[in-house]
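> my questions concern the predicted model and sequence given below.
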Amino acid sequence: MTQAADLLALARELGVMIATAESCTAGMISAAITDPPGASAIFDRGFVTYTNRAKIDLLGVRAETLEAFGAVSEEVAREMASGAYDRSDADFAVSVTGIAGPGHEGPKPEGRVCFGLAGPGGVRTETVDFGALGRAHVRQATVDHALGLLISAITQ
C-alpha cells in the first residue's frame, strides 16, 4: 500500500477529515491524498497559495509575518496550517512552504521546506532541509513527509 492509501484507510477508520495548504508543492499533496478511490470520505479541501498575496487572502497569513520571517519559515507554515484548519471542516490541516529550486539565491538553502500541522491539540511546525536534490525530488520528498506527518498525527 502507498502512504496515501494508508492515510485514507486510517482517516476513514477514525472518521477524520483532512485539509492542505500548499505553496512549493502547488497541490501535489492534495493530488496524492485524492489519488486512491474513496478519498472524498476524508479530504475536505486544499488551498494552493503559491504567492504571498494568496497566503494572505486565502489563509489569513499576516503580511507582518511574511515580512519579518519570509515565506519559507515555520512562522508562515504555522499561520498557513491554522488558516486551512480554521477555513475548513478538517480535523487536521497540513501546510508546506519551501524552496524547491533550482537556482535559488538567498540566505535560505535550496531544498528547505517548512511544515505546519494543525489539529485539535494546536499547531506544530518543523523544518526539513532535503538538500539541492532537484525540483522534482524536493517536491516529492515534501509530499511524502507531509503524508507521514498526517499519518503520525492521526494515530497519536
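Ah, there it is.

> and stretch 85-99, what's its mean pLDDT?
Across stretch 85-99, pLDDT averages out at 98.

> please point out which parts of that stretch sit buried.
Buried residues in stretch 85-99, counted by 16 or more other C-beta atoms under 10 Å: 85, 87-88, 90-99. Where C-beta positions appear, they are placed from N, C-alpha and C, glycine not excepted.

> point me to the helix or strand that includes Val138.
Per DSSP states H and E: Val138 is located in helix 135-155.

> any idea how far that helix is from the chain center?
A distance of 8 Å separates the centroid of the chain from that of helix 135-155, by C-alpha atoms, centre = their mean, to the nearest Å.

> mind jotting down where the strands sit in this protein?
Along the chain, counting by DSSP state E, strands occupy 18-22, 43-48, 92-98, 112-119, 122-129.

> reformat these as a markdown table; add distance to Leu58.
Converted to a markdown table, the strands of the chain look like this (distance: least, C-beta to C-beta, whole Å):
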| stretch | distance to Leu58 |
| --- | --- |
| strand 18-22 | 8 |
| strand 43-48 | 5 |
| strand 92-98 | 12 |
| strand 112-119 | 15 |
| strand 122-129 | 17 |
